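Colleague: need a 3D model of the following:
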Amino acid sequence: MATVYDVPPNKLIEEVSKEIKSMEGIEEPEWSKFVKTGVHKEKGPDQPDWWFDRVSALLRSVYVEEPVGVSKLKTKYGGKKRRGPRPEKFVKGSGSIVREGLQQLEKAELVEKTDKGRVMTSEGQSFLDDIAHKIMKDMAKENPELSKYL
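Modeller: Purely as a prediction, here's the structure:
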């Protein structure tokens, strides 16, 4: 059975994003149309459904790095802030986006909060593994050598 580790992350996030749009408990906040994803960015995201992509990426990050907290995820989604003639400096990403995304994943019962941080629930793990298996099947049609992972 293929897992999250066996498929390319961008394909997984894209497929999970499609599935998450129809889930109950995960919806795009009103303020998400007007925000930047961090102080290091000049503009907000161009994609209309960027919220679902970010929540999908958060879900994958919790799967891969669990237990994980908001601060660690803020660091992951940070970047270099340009400061004019002064040297660039690393800054963390938006905590509100990470926090709201994790809270929505908790409502959907894909992630749960523990003393050490957020961890996957069994439903969340099977949800991601099923999507990874489906992606691996599609990839095996194009490349028969990958069928050994199924």
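
Colleague: how about the strands in this protein?
Modeller: 79-83, 86-91, 111-113, 118-120 (DSSP state E).

Colleague: what lines up beside the second one in the sheet?
Modeller: If I follow you right, that is strand 86-91. According to DSSP bridges, strand 86-91 forms sheet pairs with strand 79-83 (antiparallel).

Colleague: from the middle of its chain, how far away would the partner strand be?
Modeller: For strand 79-83, the separation from the chain centroid amounts to 22 Å (computed by C-alpha atoms, centre = their mean, to the nearest Å).

Colleague: same check, this time on stretch 10-18
Modeller: How far stretch 10-18 lies from its chain's middle: 9 Å, per C-alpha atoms, centre = their mean.

Colleague: between the strands of the chain, which gets nearest to Thr37?
Modeller: Minimum separation from Thr37 across the strands of the chain (C-beta to C-beta) falls at strand 79-83, 9.0 Å. Yep, even glycine has a C-beta here, placed from its N, CA and C like the rest.

Colleague: what sits up against that closest one?
Modeller: With contacts defined as C-beta atoms under 8 Å, 6 or more residues apart in numbering, strand 79-83 is touched by Gly38, Val39, His40, Lys41, Glu88, Lys89, Phe90, Val91, Gly93.

Colleague: before we move on, back to that, which of the strands of the chain sits most buried?
Modeller: Highest mean neighbour count among the strands of the chain (mean count of other C-beta atoms under 10 Å): strand 118-120, with a mean of 21.

Colleague: how about the contacts made by the closest residue to Lys107 other than its chain neighbours?
Modeller: The shortest distance from Lys107 to any non-neighbouring residue, by C-beta to C-beta, 6 or more residues apart in numbering, is to Gly25 (3.6 Å). By C-beta under 8 Å, 6+ apart, the contact list for Gly25 reads Gln104, Lys107, Ala108, Glu109.

Colleague: now do Gly95
Modeller: Val70, Ser71, Lys74.

Colleague: again, but for Asp49
Modeller: Contacts of Asp49 (C-beta under 8 Å, 6+ apart): Ser17, Lys21, Glu28.

Colleague: of the residues you listed, closest to Glu142?
Modeller: Distances from Glu142 to the contacts of Asp49, taken by C-beta to C-beta, are shortest for Ser17, at 21.7 Å.
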